[in-house]
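Asker: Give me a model of this one.
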Amino acid sequence: MTDPRKTVERFWATAEARDWDAFAETLAEDVVYTLPQTREKISGRDRFVQFNKEYPGDWHLRIERLVAEPDHVVSWIHATVGPEEMYAISFFTFTGDGRIDSITDFWPEPYEPPAGREHLTERY
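Answerer: Residues are numbered from 1 along each chain as shown. Predicted coordinates for the structure are as follows:
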């Protein structure tokens, strides 16, 4: 695992497949997962894998976009849990051997735009 982009692609593919052994292989043993919006942090591969195993609902993931640099990758994913749709932006860093050593996840909530700019925008 020396290509960070391929590592993140594998990370999301194995999460979607619920292949927890392969998912764990993408992670450093001391990986740190941070959720700034809820101020939560998970330290360690075993705890992070368990967090994902136990995540409620029949969720599914699809990569919308990946931006990769030699030591950093950012992903934009589309997630569904039943009829609910969400988007997430995730920032990844890596160890020397190419495993993921940190993930910072942002799960923004959709909201209605402020009034007064309808003449400039269109809704989709």
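Asker: Report the buried residues of the longest helix along the chain.
Answerer: What stands out as the longest helix in the chain, according to DSSP state H, is helix 4-17. In terms of neighbour count (16 or more other C-beta atoms under 10 Å), helix 4-17 has its buried residues at P4, T7, V8, E9, R10, F11, W12, T14, A15, E16. Every residue, glycine included, has its C-beta placed from N, CA and C.
Asker: same for that helix, what does it pack against?
Answerer: Secondary-structure packing of helix 4-17 (3 or more C-beta pairs under 8 Å, 6 or more residues apart in numbering; DSSP states H and E): helix 20-25, strand 59-68, strand 72-81, strand 84-94, strand 100-106.
Asker: let's see it at 6 Å
Answerer: For helix 4-17, the elements it packs on are helix 20-25, strand 59-68, strand 72-81, judged by 3 or more C-beta pairs under 6 Å, 6 or more residues apart in numbering; DSSP states H and E.
Asker: so how far is E84 from the closest residue to T121 other than its chain neighbours?
Answerer: Spatial nearest neighbour of T121, excluding adjacent residues (C-beta to C-beta, 6 or more residues apart in numbering): P113 at 6.9 Å. From P113 over to E84 the distance is 20 Å, taken as C-beta to C-beta, to the nearest Å.
Asker: do A28 as well
Answerer: Distance of A28 to E84, computed by C-beta to C-beta: 31 Å.
Asker: what about P36, how many neighbours?
Answerer: 11 (other C-beta atoms under 10 Å).
Asker: Same check on L27?
Answerer: 21.
Asker: thought it was touching I100?
Answerer: Yes - here L27 reaches I100: they are 5.2 Å apart, a contact under C-beta atoms under 6 Å.
Asker: one step back: please say which of A28 and E84 ends up with more neighbours.
Answerer: Using other C-beta under 10 Å, the more surrounded residue of A28 and E84 is A28, with 18 against 9.
Asker: and that one, what is it in contact with?
Answerer: A28 sits next to T95, R99, D101 when contact means C-beta atoms under 6 Å, 6 or more residues apart in numbering.
Asker: separation between the closest residue to D58 other than its chain neighbours and A13?
Answerer: Spatially, and ignoring its direct neighbours in sequence, D58 is nearest to G82 (6.4 Å; C-beta to C-beta, 6+ apart). Relative to A13, G82 is positioned 21 Å away (C-beta to C-beta).
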